[in-house]
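Chemist: below: sequence and its predicted model.
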Amino acid sequence: MFSIQPVLENEDVRLVPLQKSDFEKLYRVASDPLIWEQHPNKDRYKKEIFKTFFDGAIVSKGAFLIMDKKSDEIAGSTRFYDYSETGNFIFIGYTFYARKFWGSKLNPQVKKLMLDHIFSYVDLVKFHVGAENWRSRKAMEKLGAEFKGEVPVAYFGEETKLNVEYWIRNSGW
C-alpha cells in the first residue's frame, strides 16, 4: 500500500499529515461561518459540528494541514479518502481555506502536489463538491476536471447531501 499522507511541498505550500493534536489550531481557521456558506454543511463553523468533520479527517488517514510557507500560517485542510483498489481511484476533498487565502493561488498548487503524488498509484481521482458550492465548482473547472453529474453523498457523521462529482484521469494530467 502506498502512502496517502506523505509530506508534500513546493516553494509556497506544505501539506503535513493532520494529527489529533491539531484540532484547536485548525478549528481557529474553521470557525469563520463565511468559509462554510456554500458548503453542504453550513454549520461546520460550530465547534461540535467541526469536531465530527475533524474526527472524519483523522479516521481517513489521508488528511493534511495546508501550511502557507511564506507566513507559516495554517491556510486550511484537505484530504485523500475512499481509495478503491479494484476501481484504481481515490477521492480528494473536504478542502477548505481561511478566507485570507481565497484567490491566493494556493488551491491549484495544493491540488497539483496531491495529483502529482497520487497519480503514481491510481488512474483516476474523483472529487465531491457541494452542488451549490459554486466557488469550488469553478475551481474544479479551472483545474480541468470533468463534470460527471449530481450524486448524493453521506459525509462522515453527517446526513446525506446533494453533491456533484468531478473526475481527473491520470492520462489527462
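Modeler: In hand now; what should we look at?
Chemist: show me what the longest strand along the chain is packed up against.
Modeler: Scanning the chain for the longest strand, with DSSP state E as the assignment, gives strand 73-84. Judged by 3 or more CB pairs under 8 Å, 6 or more residues apart in numbering; DSSP states H and E, strand 73-84 is in contact with helix 23-30, helix 47-60, strand 63-68, strand 89-97, helix 106-118. Backbone N, C-alpha and C define where each C-beta goes, glycine included.
Chemist: neighbours of H117, just the number please.
Modeler: When neighbours are counted by other CB atoms under 10 Å, H117 registers 16.
Chemist: and for I58?
Modeler: When counting by other CB under 10 Å, one arrives at 15 neighbours for I58.
Chemist: now it. Nearest residue, chain neighbours left out?
Modeler: Leaving aside its chain neighbours, I58 sits nearest to K20 (5.9 Å; criterion: CB to CB, 6 or more residues apart in numbering).
Chemist: isn't that neighbour up against A57?
Modeler: No - the pair K20 and A57 fails to qualify as a contact (CB atoms under 8 Å) at a distance of 9.8 Å.
Chemist: who has more neighbours, those two?
Modeler: Set K20 next to A57 and count neighbours by other CB under 10 Å: A57 wins out with 24 against 9.
Chemist: wait, doesn't V151 sit right on V164?
Modeler: Yes - the pair V151 / V164 is scored as a contact, 7.1 Å apart, by CB under 8 Å.
Chemist: find residues that contact each of those two.
Modeler: Taking CB atoms under 8 Å, 6 or more residues apart in numbering as the contact rule, V151 and V164 both touch H128.
Chemist: between the two, which one's more packed in?
Modeler: V164 (20 against 13).
Chemist: return the distance of stretch 2-11 from the chain's centre.
Modeler: Centroid displacement of stretch 2-11 relative to its chain, using CA atoms, centre = their mean, to the nearest Å, is 14 Å.
Chemist: please pull out the lowest mean pLDDT helix or strand from the protein.
Modeler: Every helix and strand in the chain was compared by mean pLDDT, DSSP states H and E; the lowest is helix 134-143, with a mean of 93.
Chemist: any buried residues in that helix, and which?
Modeler: Within helix 134-143, the residues that qualify as buried are S136, R137, A139, M140, L143, counting by 16 or more other CB atoms under 10 Å.
Chemist: which residue comes closest to the second one once chain neighbours are left out?
Modeler: The one in question is R137. Leaving aside its chain neighbours, R137 sits nearest to V129 (5.5 Å; criterion: CB to CB, 6+ apart).
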